[in-house]
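**Student:** Here is my input, please return the structure:
(one chain, ligands or ions: 1)
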Amino acid sequence: MTVQHPEFEQEQKYVEHAYDLLDRGLAEAEQNIVNFDALHRSTAHALNRALAILRNSRGSGQLVFGRMDREGEQLYIGRRRVYDEERDLVVVGWHAPAAASFYDATPQDPGDLTLKRVFIEEDRRLQRIVDEVIRASAESIATSEGDATISDALLQELDRSRDGAMREVVATIQAEQYRVIRHESDGVVVVQGGPGTGKTVVGLHRAAWLAFNRPDIRQQGMLVVAPSSALLTYFSGVLPSLDVSDIDQMDLESLYGGEARATAIETAEAARVKGSAEMSVVLQRALQQRIGWDEDELLLPLGADRIRIPGDDIRQVVDDVRARTLPHTEARDVLRQAMSALASKRHAEDQRLQNRPVRATEATIRRLSAFNNALDRMWPTFTPEEFLRSLYSTQSWLTAAADGILTSDERARLFRSTLDGEAWTRADLFCLDEASYLLNGDVMTYGHIVLDEAQDLSPMEARALARRCPSGSFTVLGDLAQATGVWVRDSWEELTSHLADSRASINTLSVGYRVPALALELAARQLRLVSTELTPPQSIRAGRGEPQMWQTSDDELFDDVLDLAGRYRAEGLTSAVIVADSLYDQFLDAAAGRGDKLGDGRDGDFAFEATLVPVSLSKGLEFDVVILAEPALVAAESVQAARQLYVAMTRCTQQLDIVHSAPLPAGFAELAADQPVGAIETPSLSELFSLLTEQDQALVEALVRRLVVRGGSAVEMDEELAR
Ligand SMILES: Nc1ncnc2c1ncn2[C@@H]1O[C@H](COP(=O)(O)OP(=O)(O)OP(=O)(O)O)[C@@H](O)[C@H]1O
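**Tutor:** Below you'll find the model as predicted:
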């Protein structure tokens with residue numbers, strides 16, 4: 001029987017009071033708006049918008065989640081601020097400076113708090129009250145140690161089963177996370193941490209915190225960028241649940257607003273050339289090379305006469321316009337004016353010499369097709385797509401633009417015949433974005449950008465983001481160890497230097513809240529294959545047990561994996577079946593053929609208990625269980641095999657299962673006591689041993705003894721066998 005907290009009823013009343021005030025406040029405000037008789041349509045429109053925002057602003061999380069006491073003062077902390085009729089503060093918003101001590105306080109370092117109380121509430125009813133810091137005496141604080149920094153409320157929160165979408169965590173933000181959320185820097189703040197350390201959740205809460213505390217930044221607009229639309233779908237509900245609905249959220253590829261879409265995949269080598277910062281120089285040069293006039297003169301027919309403009313005069317005008325470094329299209333307009341003025345001046349001079357009246361104004365000249373054709377030759381217009389397609393397919397132009405910048409091999413990776421058509425790749429989109437900026441110069445800008453999974457960004461992608469954030473104010477979330485693409489780095493500076501000029505502040509999160517310790521241990525073997533420098537986080541989760549390996553045959557792979565997902569579904573756990581991208585469609589078909597309900601993770605469909613996820617999109621996601629199918633194929637198809645496996649294996653909160661028909665890749669060997677699917681209960685070693693014949697038992701004993709003598713001590717082995 002659990003004992004109720006002595007102040008339970010009193011606190012429940014306080015929570016109800018807060019909800020009551022919020023309901024009444026919102027209802028009154030709604031009534032005021034409805035009653036207001038707007039004279040103008042624009043006022044009515046503004047009021048309707050206000051009404052819609054108000055109706056949405058109730059939010060879904062718990063209203064009051066904490067209380068802190070310090071001498072003579074008691075403050076309740078919640079998802080939003082609540083006042084009573086006397087304008088006295090009943091609940092302080094989590095983002096207010098007054099709430100800082102609540103998050104900063106730990107049992108080791110409670111600051112000036114005598115009590116930090118956390119409420120667990122569901123549907124307005126308190127479920128539990130956890131008192132975390134009670135300063136009974138100075139000594140009791142000095143002697144508290146160990147795991148006490150991980151709050152009880154957090155552990156409870158972590159044990160709640162996932163429902164397929166990320167949730168806000170305002171009630172349980174930890175001190176090391178809070179420091180990052182309210183980081184004072186106006187420049188680049190990097191949050192580095194292993195899988196499940198809360199980088200995404202921290203980044204989203206930082207965005208909300210900035211929105212509440214920095215009206216200057218909020219007014220300039222804010223943006224959150226994820227590498228895939230699937231990941232965006234997974235976390236896009238967090239900001240609205242924090243009452244922040246005006247922050248844009250976008251997947252990386254949607255940054256480019258032009259026509260092209262990435263539909264093709266290319267080699268790692270080509271992606272690397274296109275993503276490198278050198279590519280921006282090639283594009284700039286390529287555009288410049290299309291500008292100029294190398295003919296001796298320009299003749300513009302005008303009725304029976306002609307206007308003659310010397311080549312040197314044209315070159316002078318072109319150089320003057322070029323020197324103004326305007327975006328290409330805008331510069332062309334300037335050139336058009338300057339050239340028509342030049343032609344008109346020439347015409348006037350010729351006519352005067354011949355004692356004839358001036359026949360053409362500048363406007364007349366600008367309408368001449370010969371004039372416009374000449375303009376196209378000296379300063380051509382392109383769409384970004386036309387420009388890049390033409391560059392990629394013109395060997396001589398490519399060679400000239402990349403001369404001294406790219407090697408001939410690298411240039412060859414860019415070249416494609418026009419017959420290849422419009423198959424743009426992701427890396428192309430960012431060349432198009434750069435080209436679009438050179439051509440048109442206009443881009444939507446923001447006061448702050450949060451980047452999730454930033455370790456994989458190419459320099460060209462970083463440049464596209466930098467263009468959209470002139471202030472250089474970024475929150476960069478990522479893990480260098482989880483870089484799985486062609487951009488693997490040893491330091492964040494290499495990337496952040498493309499985002500802003502200022503030095504980045506690097507902040508590390510070290511506690512892993514997602515992955516159970518044993519799954520993390522298996523996954524970390526993949527890291528060790530890469531480098532001893534890369535280390536996993538410190539897991540605080542126990543999970544269900546050891547990762548399980550299931551061996552099957554080629555023929556039975558699909559059914560065995562789907563059966564396993566079915567078993568977890570029956571237990572009410574969410575699972576992800578993570579597969580090599582090339583197996584994705586076959587798995588989807590197999591599931592449909594069996595009538596299994598399997599979410600299509602590629603489309604961000606996380607509504608079902610089991611979701612199929614192509615490994616390339618698994619980053620950042622989270623499920624109770626991960627069933628990794630055929631890791632050897634995942635490894636074979638990845639640019640960074642070990643890192644990709646590390647990412648895939650670190651998506652689970654409870655259990656990691658691996659099903660394979662092909663031999664397992666390196667790093668799995670020690671756990672590969674292969675079991676046929678179906679044997680859910682793994683027999684213990686002694687059970688297995690007892691099943692052997694006496695002769696075999698003696699053989700195993702002798703064998704193991706020899707192994708142990710070589711690696712450890714025979715005494716330990718005897719003890720082991722005796723057990
Ligand atoms: N303070 C916290 N309170 C409650 N839950 C938390 C807290 N911090 C992290 N979590 C939970 O831990 C899980 C992992 O968080 P998150 O996805 O932000 O980690 P990550 O570092 O971005 O992981 P990855 O590197 O895999 O992308 C999420 O379920 C998140 O809600």
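
**Student:** Name the residues of the stretch 451-600 of the chain found near the ligand, please.
**Tutor:** By the rule C-beta under 6 Å from any ligand atom, the part of the stretch 451-600 of the chain lying against the ligand is 479, 482, 513, 514. Every residue, glycine included, has its C-beta placed from N, CA and C.

**Student:** Near the ligand, which residues of the chain? Just list them.
**Tutor:** 154, 157-158, 166, 169, 172-174, 177, 193, 195-201, 479, 482, 513-514, 620, 622, 650.

**Student:** Now, these that are in helices?
**Tutor:** Mapping the residues of the chain next to the ligand onto helices (DSSP state H) picks out 154, 157, 158, 177, 199, 200, 201.

**Student:** count of residues packed around the second one?
**Tutor:** Counted with other C-beta atoms under 10 Å, the burial measure for residue 157 works out to 16 neighbours.

**Student:** hang on, isn't it packed against residue 170?
**Tutor:** No. Using C-beta atoms under 8 Å, residue 157 is not in contact with residue 170, being 10.7 Å away.

**Student:** So the residue of the stretch 601-723 of the chain found nearest the ligand versus residue 456, what's the distance?
**Tutor:** Per C-beta to the nearest ligand atom, residue 620 is where the stretch 601-723 of the chain lies closest to the ligand, at 4.1 Å. In this view, residue 620 and residue 456 are 11 Å apart by C-beta to C-beta, to the nearest Å.

**Student:** likewise residue 10?
**Tutor:** In terms of C-beta to C-beta, residue 10 sits 51 Å off from residue 456.

**Student:** Which one of the two is surrounded by more residues?
**Tutor:** Comparing residue 10 with residue 456 by other C-beta under 10 Å, the one with more neighbours is residue 456, at 21 against 9.

**Student:** so who does that one touch?
**Tutor:** The contact partners of residue 456, by C-beta atoms under 8 Å, 6 or more residues apart in numbering, come to 227, 478, 483, 484, 485, 487, 619.

**Student:** Can you pick out the most distant pair from the residues you listed?
**Tutor:** Maximum pairwise distance among the contacts of residue 456 (C-beta to C-beta): 13.6 Å, between 487 and 619.

**Student:** Comparing those two, which residue is more hemmed in?
**Tutor:** Higher neighbour count among residue 487 and residue 619: residue 619, with 27 against 21, using other C-beta under 10 Å.

**Student:** if I read this right, the more buried one contacts residue 455, doesn't it?
**Tutor:** No. If you go by C-beta under 8 Å, residue 619 and residue 455 don't touch, sitting 9.4 Å apart.

**Student:** what touches both of the two?
**Tutor:** With C-beta under 8 Å, 6+ apart, residue 619 and residue 455 have common neighbours residue 482.

**Student:** Remind me what the helix ranked longest in the chain packs against, helices and strands.
**Tutor:** The residue-count maximum for a helix in the chain (DSSP H) belongs to helix 8-35. Here helix 8-35 touches helix 41-56, strand 64-70, strand 73-78, strand 82-83, strand 89-93, strand 113-122, strand 125-134, going by 3 or more C-beta pairs under 8 Å, 6 or more residues apart in numbering; DSSP states H and E.

**Student:** What segments of the stretch 251-400 of the chain are helices?
**Tutor:** Secondary structure of the stretch 251-400 of the chain, counting by DSSP state H, counting those that start in this stretch: helices at 268-275, 278-289, 311-323, 328-353, 362-367, 369-378, 384-392, 395-402.

**Student:** Compile the ones you listed into a markdown table and extend it with columns for mean pLDDT, mean neighbour count and distance to residue 75.
**Tutor:** Listed next are the helices of the stretch 251-400 of the chain as a markdown table, based on pLDDT from 0 to 100; neighbours: other C-beta atoms under 10 Å; distance: least, C-beta to C-beta, whole Å:
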| stretch | mean pLDDT | mean neighbour count | distance to residue 75 |
| --- | --- | --- | --- |
| helix 268-275 | 96 | 20 | 49 |
| helix 278-289 | 97 | 18 | 51 |
| helix 311-323 | 96 | 16 | 61 |
| helix 328-353 | 95 | 17 | 55 |
| helix 362-367 | 93 | 15 | 70 |
| helix 369-378 | 96 | 15 | 69 |
| helix 384-392 | 95 | 20 | 54 |
| helix 395-402 | 96 | 16 | 62 |
